[in-house]
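Novice: Task: produce atomic coordinates for the following.
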Amino acid sequence: MSRPTIAYNSKYGSTRRYALALSERLGTPAVELSSFEAASTADPLIVLAPIYATRIRGRKRLLRAIRSAPGRVALVVVGLSPADDPGRGTLAAKLAASSGRAVTTFDLRGDLDPARLSLKDRVIMAALRRALRRTPDTSAAQLLLSNTRIEQVEVADLDPIVAWAAG
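Specialist: Modelled structure (predicted):
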């Protein structure tokens with residue numbers, strides 16, 4: 001078995017933090033997807049990507065990386081919603097299915113720093129908050145209505161991914 005390869009795509013830093021922590025634990029470098037070449041020696045390949053609204057960021061690059069791997073592949077999605085949110089699993093499953101190969105998926109929770117959001121993301125967040133005010137008792141409303149920094153990155157949540165990579 002060759003050594004694991006870690007590729008990631010990150011916009012605000014949560015996915016990058018997970019990729020670097022995973023890199024340290026597995027003793028292999030983490031590479032940004034924008035500079036990732038073909039994964040011809042990657043076994044396994046672990047690809048980390050953030051979820052924004054209703055899509056996984058960097059879909060084309062993710063698919064290219066997944067399809068180029070000769071061995072096992074894992075897709076790790078990072079988002080604000082709980083890891084067991086059905087929507088997250090659906091997005092990951094659709095991406096994995098469109099790759100045409102078997103892909104193991106993992107879900108992790110990310111941070112949110114409203115002060116770092118781009119203008120476009122602030123507009124989207126404002127619209128989401130307006131909608132959530134109608135249902136203030138839901139978990140999403142309780143999470144996002146405060147407009148404060150949310151810290152959910154837990155390096156210990158990488159344990160199942162490390163075990164998968166070793167297996």
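
Novice: My read is that residue 158 contacts residue 23, right?
Specialist: No: Residue 158 lies out of contact with residue 23 (C-beta atoms under 8 Å); the separation is 10.3 Å. For every residue, glycine as well, the C-beta is placed using N, CA and C.

Novice: residues near residue 161, how many?
Specialist: By other C-beta atoms under 10 Å, 23 other residues sit near residue 161.

Novice: so what's it up against?
Specialist: The contact partners of residue 161, taken as C-beta atoms under 8 Å, 6 or more residues apart in numbering, are 22, 46, 74, 76, 106.

Novice: how about 6 Å then?
Specialist: Neighbour list for residue 161: residue 106 [criterion: C-beta atoms under 6 Å, 6 or more residues apart in numbering].

Novice: just checking, it is part of a helix?
Specialist: Yes: applying DSSP: H, G, I helix; E, B strand; the rest coil, one finds residue 161 inside a helix.

Novice: how far away is it from residue 30?
Specialist: 12 Å (C-beta to C-beta, to the nearest Å).

Novice: Now do the contacts for residue 11.
Specialist: Residue 11 makes contact with residue 50, according to C-beta under 6 Å, 6+ apart.

Novice: For the protein, name the helix or strand with the lowest mean pLDDT.
Specialist: One helix or strand of the chain scores below all others by mean pLDDT, DSSP states H and E: helix 139-144, with a mean of 69.
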